[in-house]
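J.: the sequence isn't on hand, but the structure is:
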Ligand SMILES: Cc1cc2nc3c(=O)[nH]c(=O)nc-3n(C[C@H](O)[C@H](O)[C@H](O)COP(=O)(O)OP(=O)(O)OC[C@H]3O[C@@H](n4cnc5c(N)ncnc54)[C@H](O)[C@@H]3O)c2cc1C
Ligand code: SF4
């Protein structure tokens, strides 16, 4: 029997970036918030021994424990879905701060084009540029509407950057802190890009260039360029994360009750409102019901969709009929690029997660696609995140993968090679979606989320085009050997690619086109909100969290408004 | 901030070493590959630093302190352990750059890993039903890594006997390579797992043992890092990150932290 606890104003499921932002804003506005996090407490003090590639980057010490929960996967509807038994393609978060503890911190704003992608594509290229199988839609919110929230997220996180991107949407304020330091590799990229008449600028970074106090009074320290950033926590408190910013802000109010080892298994519903969540204390095994006036799903893309599915809220998408919105528009990213091999040695082992230069000349609709068989593009960047010896064993093409020649080359090129890579945008396709698995279950007896996904023709064309542009830059940088990425075929869940999963709980202008409105309020259930990159109707050519953070701030505003007046916010 | 204090302390400990490396003016290109053998041998420009061992001794750090306990926690007999050792050495051989897998204690690293969480797949989804999947779906075996290695080593031995009528440990290098290649190409029949998957694991574990922090029992004396020019655990590069010169930095392990 579950124990029913006293009701609160707001409960969040998961305490990463999105849960933390909701908690901070709602508690500041006087609401009582419970944060349920299935993982454990952790913070800067736990990262003193974090410079350990094997434990953190290879064995994934900070990520989701798959023995308890994973997803299942197949490339298409004809295949049998099988569980993702080991982490690979993306690294799911767990514990206080979620993936924001061990992210890189590259913090972009999506382009104005992204928010009106359907309208703008139709206007410029005619109604059927991609064909009817791609489920393109406008977001139901414009860049200009979201701008104040972008600004707020950047101020909370102290983003270090420079306003030199000619393609960026209008900014009302400069970046809160100056850009990071420019290394020789970045200078070389900048020069090459300029020679090619492109517009390089420093990657907006949540690894801060200098110590900064945010408007909530939290301090973020200066990055030390330690080279152990992506997949690691920061021992300096210099990589902005929820646990050093929004979580302490929420706790300071005295109105935030943060509970660890609390795994939510069901959203409870009565009539057209939700009443609370059921969760399990994973240490004691006890079951609890936490009633709340507002429930906010902040448990990342997959679990936000899963909790709605297992709780029977909304209509599951069916690719055969095209009906239903829940699970639709799942997108990922593709990674075009080119590797360069040099004679000179570089300090490749130094770096920071967001240390880089990038261009947007081939992103969004910043170039003409009339003669191309794809839309959108990707930001092409050189990032110096710090390469480490287990993970980085570069060799020239056609080198054996083991033995004397492999050893010689992988050691020689460890400090003499690097890549110029892009995050290629991903468009929604009718056969790519999330649903529930009918065979495999998690440790709590719930079905796994099932991912049905493959790359599309759009992806393959974009990948080829952008890889060639990356190779142009690499050539101009003077690499002795330039190796563009090979063409992509089927999506493979084994190698790490990117943790930029989107879709499944899409936002939309009308209830027919998505799961939530543009305050991320559920279309059918007015006191239920779902916040994650699952809200993105497509995935852009950038990292997601800048846009996600902005949406989370807008959602928090919606929740506060809803708590006063009730009803639909749109 | 406690972490900042820690940073300062740590920097102080390493200052002499680092300054030496900085001030000797060793630049990119002047010393490649072979110059790194035995740590600082080969660029003993001022004559005040000898071998890497001496360097460690000067800092009061012994091999034991950086961690390479040579005892077996998983393998139960020397023959199997030698098969593992020889196989890893073929993958990452000793050469003029420096030690191979055996010299780096990679077999001990793998042995210790197999005895722990890695060997028992304790953070992986191991619930059935098990079915063979497409390659794009990844690992679908009911076997743990410990079970895969155990079977894999037996199969390597069986393959040696059937191809060459000799134990694997008695083969010539080229014959060993032939067998490993057969595993890599999935030409050997294994139960519950493909031989290519076993080979992928073996190769990955070899590199992990060569380049992990020595506290895990491999990367003996940090020679793996030294060969590769990776400085291991350093607190900060903020003062060097913009320099055009390549930095040769004597590596540091978390054992010294
Ligand atoms: C290695 C890596 C590098 C990245 N680099 C970048 C980058 O440079 N730039 C960028 O923009 N983005 C980056 N990302 C992505 C970024 O981390 C995510 O976009 C962001 O953290 C998502 O925040 P979230 O709150 O939606 O989810 P999460 O951070 O995943 O937080 C969700 C939380 O919910 C908890 N939870 C889940 N299910 C339940 C449940 N049933 N009950 C209770 N709690 C639950 C989880 O334990 C987790 O703590 C990176 C991600 C990874 C893994
Ligand atoms: S690179 Fe900078 S932000 Fe990243 S972990 Fe190191 S010090 Fe922290």
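T.: All right, it came through fine. Because the structure is a prediction, the values reported are computed rather than measured. Ligands and ions are numbered 1, 2, ... in the order given.

J.: which stretches in chain A count as helices?
T.: A:17-28, A:112-115, A:117-125, A:143-157, A:184-195, A:246-252, A:300-310, A:404-414, A:457-476, A:545-565 (DSSP state H).

J.: just name the most buried of these.
T.: helix A:17-28 (a mean of 29; mean count of other Cβ atoms under 10 Å in any protein chain shown). (C-beta placed from N, C-alpha, C; glycine too.)

J.: coming back round to it: between the helices of chain A, which one is closest to ligand 2.
T.: Closest approach to ligand 2 among the helices of chain A (Cβ to the nearest ligand atom): helix A:143-157, 12.0 Å.

J.: quick one on the thing from earlier: how about the helices of chain A in CSV, adding distance to residue B:204 and mean pLDDT?
T.: Compiled in CSV, those are given as follows (distance: least, Cβ to Cβ, whole Å; pLDDT from 0 to 100):
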stretch, distance to residue B:204, mean pLDDT
helix A:17-28, 31, 98
helix A:112-115, 38, 98
helix A:117-125, 40, 98
helix A:143-157, 35, 98
helix A:184-195, 28, 98
helix A:246-252, 36, 98
helix A:300-310, 26, 98
helix A:404-414, 13, 98
helix A:457-476, 26, 98
helix A:545-565, 30, 98
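
J.: among these, which is nearest residue A:352?
T.: Set against residue A:352 and scored by Cβ to Cβ, these come closest in helix A:184-195, at 11.4 Å.

J.: how about the helices in the stretch 101-250 of chain B?
T.: B:106-114, B:117-120, B:145-164, B:173-184, B:195-211, B:223-228 (DSSP state H, counting those that start in this stretch).

J.: let me see the mean pLDDT of stretch B:158-167.
T.: The average of the pLDDT scores along stretch B:158-167 is 98.

J.: in contact with the residue nearest in space to the middle of chain B, which residues?
T.: Note on chain B: the residue nearest the mean C-alpha position is residue B:210, at 1.4 Å, using Cα atoms, centre = their mean. Going by Cβ atoms under 8 Å, 6 or more residues apart in numbering or on different chains, residue B:210 touches A:389, B:92, B:101, B:104, B:106, B:218, B:219, B:224.

J.: the second one touches residue A:404, doesn't it?
T.: No. With contact defined as Cβ atoms under 8 Å, residue B:92 and residue A:404 do not form a contacting pair (9.3 Å).

J.: I only care about the contacts of residue B:210 that end up buried; give me the ChimeraX line for that.
T.: Typed into ChimeraX, the line below selects the buried ones among the contacts of residue B:210, using 16 or more other Cβ atoms under 10 Å in any protein chain shown:
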select /A:389 /B:92,101,104,106,218,219,224
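
J.: out of the contacts of residue B:210, which comes closest to ligand 1?
T.: Nearest to ligand 1 among these, with distances taken as Cβ to the nearest ligand atom, is residue A:389, at 18.4 Å.

J.: what separation is there between that closest one and residue A:531?
T.: Distance, residue A:389 to residue A:531, by Cβ to Cβ, to the nearest Å: 38 Å.

J.: how about the residues of the stretch 101-250 of chain A by ligand 1?
T.: A:102, A:103, A:104, A:105, A:106, A:107, A:230, A:231 (Cβ under 6 Å from any ligand atom).

J.: okay, those in JSON lines with pLDDT, neighbour count and distance to residue A:22 next?
T.: Shown next, in JSON lines, are those (pLDDT from 0 to 100; neighbours: other Cβ atoms under 10 Å in any protein chain shown; distance: Cβ to Cβ, whole Å):
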{"residue": "A:102", "pLDDT": "98", "neighbour count": "28", "distance to residue A:22": "21"}
{"residue": "A:103", "pLDDT": "98", "neighbour count": "26", "distance to residue A:22": "18"}
{"residue": "A:104", "pLDDT": "98", "neighbour count": "23", "distance to residue A:22": "23"}
{"residue": "A:105", "pLDDT": "98", "neighbour count": "29", "distance to residue A:22": "20"}
{"residue": "A:106", "pLDDT": "98", "neighbour count": "27", "distance to residue A:22": "23"}
{"residue": "A:107", "pLDDT": "98", "neighbour count": "30", "distance to residue A:22": "19"}
{"residue": "A:230", "pLDDT": "95", "neighbour count": "24", "distance to residue A:22": "25"}
{"residue": "A:231", "pLDDT": "97", "neighbour count": "27", "distance to residue A:22": "26"}
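
J.: could you work out the most separated pair of those?
T.: Taking Cβ to Cβ, no two of these sit farther apart than A:107 and A:231, at 17.4 Å.

J.: residue contacts, the residue of chain B found nearest ligand 1?
T.: Residue nearest to ligand 1 within chain B (Cβ to the nearest ligand atom): residue B:123, separated by 14.1 Å. Residue B:123 makes contact with A:59, A:60, A:65, A:66, A:67, B:117, according to Cβ under 8 Å, 6+ apart.

J.: now the first one: closest residue in space, sequence neighbours ignored.
T.: Think residue A:59. Excluding the flanking residues, the one nearest residue A:59 by Cβ to Cβ, 6 or more residues apart in numbering or on different chains is residue B:118, at 6.9 Å.
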